[in-house]
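**Q** Output the structure for:
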Amino acid sequence: ERRVKKYVRAIGPRLRLVLYLIFGLVAVLGANSAYLASITFLEYVKGLTYENYFYQIMFLVHLVLGVLLVAPVIVFGIIHIRNAHDRPNRRAVRMGYILFGTSIVLLLTGVALMRFDFFAIKDPRVRSPIYWAHVLTPLLVIWLYIMHRLAGPRIKWRLSLSWAGAVLVLV
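**A** You can find the predicted model right below:
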């Protein structure tokens, strides 16, 4: 008698909570990043320094949010890959692998840019490419996420675009 393999959702109820946590952290981190990037761009264009006390607090918030994001992204990625690795939609699976790998690169470059008493990358020839990888990788992650999700449930564009518009206005 043949055994029918039980269908397992790629994202179950508990994993969905982790995903919502990631979405929340990414949404706030994205707004924070937009602020930090706008100040950096303004300094570059004007040749003046705008890094005041508020900027320093926002930079600290960026570090804290980034560190808080590491474990949920890794846990979610591993469990989601385990649940979805043998799905018939191979394009979605491949894009998921690439998305997870790129997310890991984003997290690792963020950690590499942090300065600790016991470890700090200070050489500008090494630090600069890591910085630019950390700045550009989120754009790649967003694109890969959209490509990965095109194979799954519909993306709630209205919610995403509303958040992006609110962040733009605030920044």
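
**Q** Ile146 against Arg154, yeah?
**A** No: counting by Cβ atoms under 8 Å, Ile146 stays clear of Arg154, with 11.7 Å between them. For the C-beta atoms, the positions are set from N, CA and C on the backbone; glycine is no exception.

**Q** Give me the more crowded residue out of those two.
**A** Higher neighbour count among Ile146 and Arg154: Ile146, with 14 against 7, using other Cβ atoms under 10 Å.

**Q** element containing the more buried one, please.
**A** Per DSSP states H and E: Ile146 is located in helix 124-149.

**Q** what packs against that helix?
**A** helix 13-46, helix 90-113 (3 or more Cβ pairs under 8 Å, 6 or more residues apart in numbering; DSSP states H and E).

**Q** Could you list the residues in contact with the helix-or-strand element of the chain with minimal mean pLDDT?
**A** Comparing helices and strands within the chain by mean pLDDT, DSSP states H and E singles out helix 157-170 as the least confident, with a mean of 85. Outside helix 157-170, the residues that touch it by Cβ atoms under 8 Å, 6 or more residues apart in numbering are Ala27, Gly30, Ala31, Ala34, Tyr35.

**Q** ok, 10 Å please
**A** Residues outside helix 157-170 that contact it (Cβ atoms under 10 Å, 6 or more residues apart in numbering): 23, 27-28, 30-35, 38, 142, 146, 156.
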